[in-house]
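S.K.: return atomic coordinates for the entry below.
(one chain, ligands or ions: 2)
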Amino acid sequence: MTAHIENLDIPAGMEITGELPDGAEKVLTPKALELIVDLHRKFNGERLGRLEARKERQAEIAAGKDLDFLAETAEIRNDPSWQVAPPAPGLEDRRVEVTGPTYKKMTINALNSGAKVWLADQEDANTPQWDSVIQGQINLLDSLNREIDFTSPEGKEYKLAPDDELPTIVVRPRGWHMPEKHIRIDGEETSGSLVDFALYFATAGQVQIEKGRGPYFYLAKMESHLEARLWNQVFEHAEDAFGLSRGTIRATVLIETYPAAFEMEEILYELREHSAGLNAGRWDYIFSVIKYYRSRGSEFLLPDRSDVTMTVPFMNAYTELLARTCHKRGAHAIGGMSAFVPSKDEAANKAAFDKVREDKSREAGKGFDGSWVAHPGMVSLCKEVFTETLGDKPNQIDNKREDVNVTAADLLDVKSTPGSMTEAGLRTNVSVGIQYLRAWLEGNGAVAINGLMEDAATAEISRSQVWQWLDAGITLDSGEKVTKDLVERIVAEEVAKLPGDDAGWKDATDTFVSVAIAPDYVDFLTLPAYARMP
Ligand SMILES: CC(=O)SCCNC(=O)CCNC(=O)[C@H](O)C(C)(C)COP(=O)(O)OP(=O)(O)OC[C@H]1O[C@@H](n2cnc3c(N)ncnc32)[C@H](O)[C@@H]1OP(=O)(O)O
Ligand SMILES: O=CC(=O)O
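M.R.: Ligands and ions are numbered 1, 2, ... in the order given. All right, here's what the predicted structure looks like:
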């Protein structure tokens with residue numbers, strides 16, 4: 001690590017703190033830094049306003065109002081005339097998308113995976129550790145310039161496949177809620193979203209344009225079409241600032257919050273010139289369902305995390321509506337993440353592949369145009385399954401799914417979810433949550449635990465479920481009522497089972513307990529965790 005800050009051309013009003021990795025000047029260019037300043041001054045106030053609006057909506061739900069399709073935007077939904085832009089170059093065929101963080105080795109492995117798209121993640125599979133934020137941008141730029149290679153400590157060499165075999169890169173910046181504490185402007189903390197967007201857009205994004213593709217993004221955790229409008233304004237501003245034509249930037253929006261499921265059409269509409277469709281972000285969606293209805297009693301209590309599958313009524317309804325909405329508007333519908341990853345154990349490996357096959361087949365049958373896998377080992381399987389449905393066609397946007405008629409009541413039908421609330425489920429939530437948080441605090445945003453990919457979204461489910469069960473004082477299958485004492489006892493017992501001494505688990509345990517047991521629900525566990533990060 002070398003501090004290069006004194007060598008950077010830092011615009012007036014900007015302050016950068018924290019050490020920088022070698023090569024940082026390649027991405028912290030004057031144009032990129034000026035864009036960050038510009039975007040911050042123009043849009044940060046609105047971003048903070050949108051975050052306040054989230055709190056107001058949450059308070060309305062807590063007071064008994066239900067989410068519903070918006071009356072004020074009915075005209076947009078009822079207007080059959082509008083469509084989103086046709087797919088941009090490199091985004092026509094998205095039958096398999098591999099996701100993963102932008103660490104150097106994983107960048108090369110993801111790009112060599114044979115997927116059609118790589119979701120280069122600066123969000124849930126990553127941590128906002130300052131070094132990772134900047135190094136990830138360097139890796140993206142270096143890979144486009146074919147200046148990336150890696151040698152493992154064991155001497156294994158990693159090199160990029162030829163250009164025409166590489167997937168299209170789609171970057172997922174941090175969500176609107178995350179700050180970037182190492183860059184301040186006019187004395188104010190900046191937005192992680194705007195920093196990630198601007199650094200990529202101004203550097204690697206411009207190389208993408210030269211190569212005939214573009215700066216493409218996945219937009220995470222949005223809660224309303226007004227948040228999508230804000231992104232659209234950011235895109236227009238950036239395109240104008242760089243003299244680019246409208247629609248050069250493209251964005252696929254993750255529908256992964258409960259309120260956003262009621263505004264899918266409006267979100268497509270707001271971004272229509274920049275839209276590259278929607279994705280069914282299932283894990284964050286479950287987290288958001290718990291978050292929004294956490295205090296609304298037994299109708300909104302979810303059973304064990306493992307019981308909340310894609311076939312339960314409220315999850316089925318949301319994915320049906322997503323496929324229908326996208327295809328009605330000429331947009332791609334992209335499926336979500338099956339969390340099963342390959343295993344060295346033969347039986348577990350077969351079970352993982354069977355589960356992923358089943359999941360991807362169901363999505364292809366619903367009309368999705370492609371889907372996500374968490375691991376390069378699953379790329380061929382997903383490609384094969386979607387090809388069974390798509391054949392040579394790049395997508396199935398022509399499958400309009402006019403048979404789908406999902407109502408607000410269907411989306412809200414949480415009470416029909418079969419399953420039970422068990423002590424084993426509580427223990428898993430505690431153990432997995434703490435193990436994940438330790439990895440996160442040490443700078444690793446995604447890990448495999450018990451054969452499942454765990455990232456920030458799945459950890460949010462675990463800690464939210466503990467909070468909800470405790471708040472509701474539910475009785476477990478064991479006959480025990482969930483109380484603060486019980487959770488604390490289970491935390492101690494589960495930590496004792498983990499390898500190493502308890503001291504090594506202290507930060508993660510404290511963070512978990514602070515969000516799982518606190519009387520006031522914390523909106524994102526990554527916020528207190530980020531506060532613990534240097
Ligand atoms: C809810 C959501 O938001 S989902 C999207 C966000 N989440 C993600 O993107 C998770 C992505 N997946 C991962 O990070 C990883 O697959 C993990 C952490 C779950 C498992 O990783 P590992 O424990 O390294 O798995 P494993 O040992 O089987 O990996 C085998 C090889 O594949 C590589 N690999 C595994 N997953 C990925 C990936 N997603 N991208 C690139 N390379 C990968 C590993 O680096 C390793 O490479 P090597 O053999 O050259 O050393
Ligand atoms: O971001 C994806 C999800 O499933 O959550």
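S.K.: how about the helix or strand Val385 falls within as CSV, C-alpha atoms only?
M.R.: Following DSSP states H and E, one finds Val385 within helix 379-390. Only the C-alpha atoms of helix 379-390 are listed here, as CSV (Å, rounded to 0.1, in the frame of the first residue of the first chain):
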residue,chain,number,x,y,z
VAL,A,379,-22.2,-21.0,-15.4
SER,A,380,-22.5,-23.9,-17.8
LEU,A,381,-25.5,-25.3,-16.0
CYS,A,382,-27.4,-22.0,-16.1
LYS,A,383,-26.5,-21.5,-19.7
GLU,A,384,-27.7,-25.0,-20.6
VAL,A,385,-31.0,-24.6,-18.8
PHE,A,386,-31.8,-21.3,-20.4
THR,A,387,-30.7,-22.5,-23.8
GLU,A,388,-33.3,-25.3,-23.5
THR,A,389,-35.9,-22.6,-23.5
LEU,A,390,-34.3,-19.8,-25.6
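S.K.: quick one: contacts of it?
M.R.: Contacts with helix 379-390, where a contact means Cβ atoms under 8 Å, 6 or more residues apart in numbering, come from 95-96, 98, 113-116, 353, 356-357, 360-361, 364-365, 369-373, 396. Just so you know, the C-beta spots here come from the backbone N, C-alpha and C atoms, and that holds for glycine as well.
S.K.: would you list the buried entries among the residues you listed?
M.R.: 95-96, 98, 113, 115-116, 353, 356-357, 360, 364, 369-373, 396 (16 or more other Cβ atoms under 10 Å).
S.K.: ok, now which residue in the chain is the farthest from the centroid?
M.R.: Gly479 (36.3 Å; Cα atoms, centre = their mean).
S.K.: what about Ala228, helix or strand, and which?
M.R.: helix 225-241.
S.K.: show me the buried ones among the contacts of helix 379-390 that map onto helices.
M.R.: Phe353, Val356, Arg357, Lys360, Ala364 (DSSP state H).
S.K.: ok, back up a step: mind listing what's buried along the helix holding Ala228?
M.R.: By 16+ other Cβ under 10 Å, the buried positions in helix 225-241 come out as 225-232, 234-235, 238-239, 241.
S.K.: before we move on, what about stretch 510-525?
M.R.: For stretch 510-525, by 16+ other Cβ under 10 Å, it's Thr511, Phe512, Val513, Val515, Ala516, Tyr521, Val522, Phe524, Leu525.
S.K.: OK, contacts around Ala364?
M.R.: Ser371, Val385, Phe386, Glu388, Thr389, Leu390.
S.K.: what's the pLDDT at the residue lying closest to it once chain neighbours are set aside?
M.R.: The shortest distance from Ala364 to any non-neighbouring residue, by Cβ to Cβ, 6 or more residues apart in numbering, is to Thr389 (4.0 Å). At Thr389, the predicted lDDT confidence score is 98.
S.K.: gap between Thr389 and Gly443?
M.R.: Using Cβ to Cβ, to the nearest Å, we find Thr389 at a distance of 39 Å from Gly443.
S.K.: looking at these two, which has the bigger crowd around it?
M.R.: Neighbours were counted for Thr389 and for Gly443 using other Cβ atoms under 10 Å; Thr389 has more, 19 against 15.
S.K.: which SSE is Leu33 in?
M.R.: Counting by DSSP H and E, Leu33 is found in helix 30-62.
S.K.: contacting residues around the helix or strand just after that helix?
M.R.: Counting by DSSP H and E, the next helix or strand C-terminal to helix 30-62 is helix 74-78. Helix 74-78 has contacts (Cβ under 8 Å, 6+ apart) with Phe69, Trp82, Glu265, Glu266, Tyr269.
S.K.: same thing but at 7 Å, please
M.R.: For helix 74-78, the external contacting residues (Cβ atoms under 7 Å, 6 or more residues apart in numbering) are Glu265, Glu266, Tyr269.
S.K.: next, format these as CSV and append distance to ligand 1.
M.R.: Supplementary listing: these in CSV, determined by distance: Cβ to the nearest ligand atom, whole Å:
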residue, distance to ligand 1
Glu265, 23
Glu266, 23
Tyr269, 25
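S.K.: go through these and flag which are in helices.
M.R.: Using DSSP H, the contacts of helix 74-78 in helices are Glu265, Glu266, Tyr269.
S.K.: restricted to buried residues, select these in PyMOL.
M.R.: In PyMOL, a selection of the buried entries from the ones in helices among the contacts of helix 74-78 looks like this (16+ other Cβ under 10 Å):
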select buried, resi 265+266+269
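S.K.: for ligand 1, see how far away Val171 is.
M.R.: Distance, Val171 to ligand 1, using Cβ to the nearest ligand atom, to the nearest Å: 13 Å.
S.K.: and if you look at Gly419?
M.R.: For Gly419 relative to ligand 1 (Cβ to the nearest ligand atom), the value is 20 Å.
S.K.: dump the residue contacts of that residue.
M.R.: Gly419 touches Pro303, Asp304, Asp307, counting by Cβ under 7 Å, 6+ apart.
S.K.: rerun at 10 Å
M.R.: Leu302, Pro303, Asp304, Arg305, Ser306, Asp307, Val308, Thr309, Val312, Gly425 (Cβ atoms under 10 Å, 6 or more residues apart in numbering).
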